[in-house]
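Asker: Any chance you can model this:
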Amino acid sequence: MSNKTLETIERGECHLSVKLKEDISESLLHPSNKQEETLVSEESSVSELFPPSSDKESERARKWFDKIYFPRICVQEFLQIADQLRGGGDTCRFSGRAFGSYNVVVYIIFDDGVEWAIKMPRGSIKDGQEHKFLNSEYATLRHLWEQLPAIPAPRLHSASFTTNNPAKTPYIIMDKVPGVPLWRAVRECEMRGEKVDEMLRQMADVRKALASHTWVETGSLTDLGGEFGVVVNKQLTIRNFFDDWEQIHDRPGAFESSIAYNSNLLQETWRNVQKRDRNSVDTLVQWKIQFYPLVSPPFVCQTTRWRFLFGTHGYEL
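Answerer: Down below sits the predicted model:
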């Protein structure tokens, strides 16, 4: 274990048990004659604090979790948070973990079999800043539960969008939804024929339900909390995922009409093309190429009805 990890434990930043602190400190202060066994024991003690890896997890992923990501936060605190959310009547433990390009998910299982998923960003954010993308996803799921219950969505239990919490990371705690991703169902489970037809029928039902509830503005949903609840705010897309909150705050929006939205989008597209293509002829050609799909009817339909759902589905990693 590194000195940095020990210092974190001694400062009490993560509320580990007193017995565990004593065991770890003792192993570091009084090593045995067999140095290799001591190192293995120390690493095992730390790994037991973290959500377990699966058999399919690569060695590289395991090292990233155990040596980089988990030491940066206080993941053990989620067990106490989950216990408090359920009233303290059921014990719980970590049951797994996964990560994608942008987020990490750890799973908790209670002794009665109930499973929860905790979603956190892979990257770190500055103290005091709000993770707006996680907020938007929470707002979207809340909107589905409150306004469109016919659409299947995981039930929310708790959330924090800053690092000002015991776990030291933004997070959403929700029900773990059974099933597999679509790509895995097609590739590994050989989903064909009638099953594909059923999936398309369900997707059509979801689109129909979404069409029954439209918003006046175009943007991304945000949970302001309290009496304000879920509102449409500035648009968040994959293009500004890595922008800091000052850059996002300075962007225009939400937009009161499709015309205002598309006008701003075309202006941004034109600026980006000008930066990339210095030659005036190439600039004009590239702008026309990007301009054409932006003014087609399907695009306008998406921006007015379903744009707020982009990038906010359940367990998208």
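Asker: Tell me who's in contact with F161.
Answerer: Applying CB atoms under 8 Å, 6 or more residues apart in numbering to F161 gives the contacts E130, H131, K132, L134, N135, Y138, P170. Heads up, the C-betas are built off the backbone N, CA and C, glycines and all.
Asker: P71: which of these is nearest?
Answerer: Taking CB to CB as the measure, P71 sits nearest to P170 out of the contacts of F161, at 17.4 Å.
Asker: How about the contacts made by the closest one?
Answerer: M120, P121, I125, E130, H131, L134, S160, F161, T162, T163.
Asker: Just these: which are in helices?
Answerer: If you go by DSSP state H, the contacts of P170 have L134 in helices.
Asker: Among the contacts of P170, which pair sits farthest apart?
Answerer: Maximum distance among those (CB to CB): 14.2 Å, for M120 and E130.
Asker: more neighbours, those two?
Answerer: M120 (22 against 16; other CB atoms under 10 Å).
Asker: just checking, that one touches Y171?
Answerer: Yes - contact criterion CB atoms under 8 Å: M120 and Y171 qualify, at 4.8 Å.
Asker: pLDDT averaged over the helix or strand hosting G96, what's the number?
Answerer: Using DSSP states H and E, G96 sits in strand 92-99. In this model, strand 92-99 has a mean pLDDT of 94.
Asker: Domain-wise, how is the chain divided?
Answerer: 1-49, 52-124+149-178, 191-309 (automatic domain parsing).
Asker: for E198, phi and psi?
Answerer: phi -70, psi -40 (degrees, to the nearest 10).
Asker: What distance do you get for it to L144?
Answerer: Distance of E198 to L144, computed by CB to CB, to the nearest Å: 21 Å.
Asker: These two: which has the busier surroundings?
Answerer: L144 (24 against 11).
Asker: Quick check, pLDDT for the more buried one.
Answerer: pLDDT, L144: 92.
Asker: tell me the phi and psi of it?
Answerer: phi -60, psi -40.
Asker: so what's it up against?
Answerer: I151, A153.
Asker: ok, now A260?
Answerer: So A260 contacts T218 (CB under 8 Å, 6+ apart).
Asker: how about a cut-off of 6 Å?
Answerer: Residues counted as contacts of A260 (CB atoms under 6 Å, 6 or more residues apart in numbering): none.
Asker: model confidence over the strand or helix carrying it, on average?
Answerer: For A260, the enclosing helix or strand under DSSP H and E is helix 258-276. For helix 258-276, mean pLDDT rounds to 74.
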